[in-house]
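K.L.:
below are the sequence and a predicted model; questions follow.
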Amino acid sequence: MSTTPTPADIPSRHMQQVRSLLGNYALLFVFIGICIVFSIVTPTFLAPANLFNVLVNNVVLLAIVALGLTLVVSSGGIDLSVGVAVDLSSMVFVMLLAAGYGSVVGVAAGLGAAAMVGLINAVLITRFKISPFLATLGMLFIGQSTQQLATAGGQPIYLITGEPAHQFDQIARTALLHVPTPVWVLLACSVVVFLVLHRSVFGRQIVALGVQPGVARYSGIRVARQLSWVYVACALLAGITGILLSATVKSYVPLSGNAFLLDAIGATFIGTTLSQERRPSVIGTLLGVLMLAAMKNGLLLVGWNFYWQQVGIGILVFVVLAASFAMRRRSH
């Protein structure tokens, strides 16, 4: 038997709807708030040149790595070795160009090195039943040592002039319709990951593994194969980042990929606040990356040094997650 709401119930329902809206879109509101605050505090924040710099240098590379982690986290796992995949791809790519090989061979070999990282992770997780955290942590240590051994203790490799540098420019400094090539690469990766994760049977199976792994295993999903594809895809995306990074700075710097790890994990988990079920999504991850990039750039323009920037970002993460959880709890 249905009951007619009383006038006193109407404001309460409206408040519940507002709280639900704030809970679901806390990340978006915080991002807009960040942009408004920094546009007031520093006039250069919204300058086209600054926004272009943030997009190309801060967003693109981190977003591609975070897209790979979105796949892994959706499957219920974690990958701490994405920085290693970035570095090994960059190292192989630069070494081959330095040896006189073309950019095609360098790119293919670099991506192959990154894929090998993902494949080893997959074998450790699916065949040897090692937890994703421990398997990828071990790969992190091995990958860091491998770089140091291959570069005489961590010496960078610079290719500033000559034909290799020209080939770098062809990758990082070209543009289509006035949009830099790295941005097009990010758009292509985003579309592919979105279609795979949100519009395919494979994506639904991956989400099922992350939500109810026991049920998924008994429902006929080929768990080992699906997880293997997930970790290889994550490493390949990190490998793309490594090549774009090297092409941008015209060098390979050992262990530079570690800089992406925590931010990519943070952006992925921040992005889960856009979902009622707290699941990763491509849109949420990209918005998380944009928020972190805007925060870092704004604090830099204000004059905060690197260490205080990290403090500010940590506080921001707490604010977003706490606001989302609190509003959703009150809306139920």
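P.N.:
Structure received.
K.L.:
going forward, measure contacts between C-alpha atoms and count neighbours the same way
P.N.:
Fine.
K.L.:
can you map out the helices along the stretch 201-332 of the chain?
P.N.:
201-211, 213-218, 223-249, 258-271, 282-302, 306-331 (DSSP state H, counting those that start in this stretch).
K.L.:
what does the helix or strand harbouring residue 165 contact?
P.N.:
Element membership for residue 165, per DSSP states H and E: helix 162-172. Helix 162-172 is contacted from outside by 97-98, 100, 102-103, 159, 180-182, 244, 246-248, 250, using CA atoms under 8 Å, 6 or more residues apart in numbering.
K.L.:
next structured bit after it?
P.N.:
With DSSP H and E, the next secondary element past helix 162-172 is strand 175-176.
K.L.:
that next one pairs with which strands?
P.N.:
Note on strand 175-176: by DSSP bridges, its sheet partners are strand 179-180 (antiparallel).
K.L.:
give the buried residues for the helix or strand following the strand it pairs with.
P.N.:
Remark: after strand 179-180, the chain's next helix or strand is helix 181-198, criterion DSSP H and E. Neighbour-count burial for helix 181-198 flags 181, 182, 183, 185, 186, 189, 190, 193, 194, 196, 197 (criterion: 16 or more other CA atoms under 10 Å).
K.L.:
try stretch 255-270
P.N.:
Buried residues in stretch 255-270 (16+ other CA under 10 Å): 255, 257-258, 260-261, 263-270.
K.L.:
and of the helices of the stretch 201-332 of the chain, who's closest to residue 176?
P.N.:
Distance to residue 176, taken as CA to CA, is lowest for helix 223-249 among the helices of the stretch 201-332 of the chain, at 16.1 Å.
K.L.:
report the inter-axis angle for that closest one versus helix 258-271.
P.N.:
120 degrees (axes from the mean of the first three to the mean of the last three CA atoms, to 10 degrees).
K.L.:
give me the pLDDT for residue 210.
P.N.:
pLDDT recorded at residue 210 is 93.
K.L.:
if I look at it, how far off is residue 220?
P.N.:
15 Å (CA to CA, to the nearest Å).
K.L.:
these two: which has the busier surroundings?
P.N.:
Remark: of residue 210 and residue 220, residue 210 carries more neighbours, 18 against 9, as counted by other CA atoms under 10 Å.
K.L.:
so who does the residue lying closest to residue 280 once chain neighbours are set aside touch?
P.N.:
Closest residue to residue 280 apart from its sequence neighbours, by CA to CA, 6 or more residues apart in numbering: residue 272 at 4.7 Å. Neighbouring residues of residue 272 by CA under 8 Å, 6+ apart: 278, 279, 280, 281, 284, 285.
K.L.:
and of those residues, the nearest to residue 152?
P.N.:
Distances from residue 152 to the contacts of residue 272, taken by CA to CA, are shortest for residue 285, at 36.8 Å.
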